[in-house]
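Visitor: Predicted structure and sequence below. I'll ask about it afterward.
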Amino acid sequence: MNDDVHVVCAGCNTTNRVRRERLAAGAKCGSCKSALFNAHPYELTKDSFDRQVSSNDLPLVVDFWAPWCGPCRSMAPAYEEAAARVEPRARLAKLNTEAEPEIAARFGIRSIPTLIAFKNGREVARQSGALDVGGLQRWVESTLTL
């Protein structure tokens, strides 16, 4: 088993090779020096989405949301806490469907919030509707077998 994993920096989109045992030990981006993990979901845009999905060796869960959506806003604190619980075994990110409608359309997002789990660049699971922090953590861990 390879002890290195590729982790794409949320700040500058640089792909970093990190020793697996160093993931939880404050790994930093080799380019911009930002922490690769900060226990918070990060925002995706059309410029970062494809690289984040395809170049991360770690599983990625994306919350498709919108600022006007009540269930999205109510789930946000739980999603934040879930990110702290599952990093660095998985990464959690958010995509604003209002700002990036073409990506939402590409994935057929019809209701929000919708969570999509990606592994090895492919969609492996989807969940529509708001979840509490326990439900989020269970869904992420069972879907991605963490």
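Guide: Arrived safely, thanks for sending. Please read all numbers here as calculations on a predicted model, not as lab measurements. Residues are numbered from 1 along each chain as shown.

Visitor: Quick check: which ranges of this structure have low pLDDT?
Guide: Scanning the chain for pLDDT under 70 picks out the ranges 1-2, 146.

Visitor: let's go with 90 and repeat that
Guide: Scanning the chain with the threshold set as pLDDT under 90 gives 1-3, 20-26, 143-146.

Visitor: just so I have it, where are all the strands in it?
Guide: Remark: strands assigned in the chain by DSSP state E are 4-8, 15-19, 42-44, 60-65, 91-96, 114-119, 122-128.

Visitor: which of the ones you listed sits most buried?
Guide: strand 60-65 (a mean of 24; mean count of other C-beta atoms under 10 Å). (Each C-beta comes from the backbone N, C-alpha and C, glycine too.)

Visitor: could you check the angle strand 91-96 makes with it?
Guide: Taking axes from the mean of the first three to the mean of the last three C-alpha atoms, to 10 degrees, one finds that strand 60-65 is oriented at 30 degrees with respect to strand 91-96.

Visitor: and strand 60-65, which strands flank it?
Guide: Strand pairing for strand 60-65, using DSSP bridges, gives strand 91-96 (parallel), strand 114-119 (antiparallel).

Visitor: and those strands as a markdown table, adding distance to Asp50?
Guide: Formatted as a markdown table, the strands paired with strand 60-65 follow (distance: least, C-beta to C-beta, whole Å):
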| stretch | distance to Asp50 |
| --- | --- |
| strand 91-96 | 12 |
| strand 114-119 | 11 |
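
Visitor: Of these, which is nearest Glu102?
Guide: strand 91-96 (10.9 Å; C-beta to C-beta).

Visitor: Centre of the chain to that closest one, how far?
Guide: 5 Å (C-alpha atoms, centre = their mean, to the nearest Å).

Visitor: and that strand, C-alpha only, in CSV?
Guide: What follows is strand 91-96, C-alpha atoms only, in CSV (Å, rounded to 0.1, in the frame of the first residue of the first chain):
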residue,chain,number,x,y,z
ARG,A,91,-12.8,16.3,3.0
LEU,A,92,-16.0,18.3,3.1
ALA,A,93,-16.7,21.1,0.7
LYS,A,94,-19.7,23.3,-0.3
LEU,A,95,-20.9,24.5,-3.7
ASN,A,96,-23.3,27.4,-3.9
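
Visitor: If anything else comes up later, I'll come back, but that's it for now.
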